[in-house]
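J.: Sequence and predicted model, in that order:
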Amino acid sequence: MGELKNIAYTRDEKDAMLSQAMSQWWLGAIATMMKAMGPEQAMKAYGPTMRQIGRDWANQFVKEKGYKGHDAMATASVIRMWESMMGIEGKVLEASPDKVVVRNTSCPLAKAMPQACQSLECAIWGHLDVISPGYRFEPRAALTRGDTYCEWCIEKKR
């Protein structure tokens, strides 16, 4: 029997390849659901799953990192961490315990379908459920919708 070649890779190569593959699989799953069900029904089906994923990650983050905070800045800090890991670039326009506004100008999902951002928004709602209940998330602009930047706001519910 022949031997298979062992293909070497660095940790950075592994991380980059896995990240790219997971993104492609995730976007492919959303696109398939949209074709099969239509955009509205796809998000109706997928949104609750993403919200629960957001809750689970937030609970894990609180447990493992001892993260505390129950205001707009608390959840926005976690979102900015995820954005940084995803390669999203931008700046904080406003930050207070009651309200945070962020504008992003570069995103690897910029050319993806709008539902990619909508599914991430559902995960953010899950983070809010755990870290900052009583606050709401508002997407104001999105590169995936043709805007020149993405902008989001977290603020206290009135």
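T.: That came through fine.

J.: What lies in contact with the helix or strand containing Val102?
T.: Element membership for Val102, per DSSP states H and E: strand 99-106. Residues from elsewhere that reach strand 99-106, judged by C-beta atoms under 8 Å, 6 or more residues apart in numbering: 72-73, 76, 79-80, 83, 87-95, 140-141, 143, 148-156. All C-beta atoms are positioned from the backbone trio N, CA, C, and that covers glycine.

J.: Could you rerun that using 6 Å?
T.: 72-73, 76, 88-90, 92-94, 149-155 (C-beta atoms under 6 Å, 6 or more residues apart in numbering).

J.: In three-state terms, label the residue positioned nearest the centre of the chain for me.
T.: Centroid-nearest residue in the chain, with C-alpha atoms, centre = their mean: Leu120, separated by 3.9 Å. Put simply, Leu120 is helix when judged by DSSP: H, G, I helix; E, B strand; the rest coil.

J.: can you give me phi and psi for the closest residue to it other than its chain neighbours?
T.: Using C-beta to C-beta, 6 or more residues apart in numbering and skipping the chain neighbours, the partner closest in space to Leu120 is Met50 (7.3 Å). The phi and psi values for Met50, taken as degrees, to the nearest 10, are phi -70, psi -40.

J.: quick one: the closest residue to Ala95 other than its chain neighbours from Val102, how far?
T.: Spatial nearest neighbour of Ala95, excluding adjacent residues (C-beta to C-beta, 6+ apart): Met73 at 5.9 Å. Distance, Met73 to Val102, using C-beta to C-beta, to the nearest Å: 11 Å.

J.: Repeat that for Arg51.
T.: Taken as C-beta to C-beta, the span from Arg51 to Val102 is 20 Å.

J.: Just to be sure, Lys63 is in a helix?
T.: Yes: Lys63 forms part of a helix when assessed by three-state DSSP.

J.: Give the other helices and strands that whichever strand or helix holds Gln60 contacts.
T.: Following DSSP H and E, one finds Gln60 within helix 39-65. Judged by 3 or more C-beta pairs under 6 Å, 6 or more residues apart in numbering; DSSP states H and E, helix 39-65 is in contact with helix 114-131.
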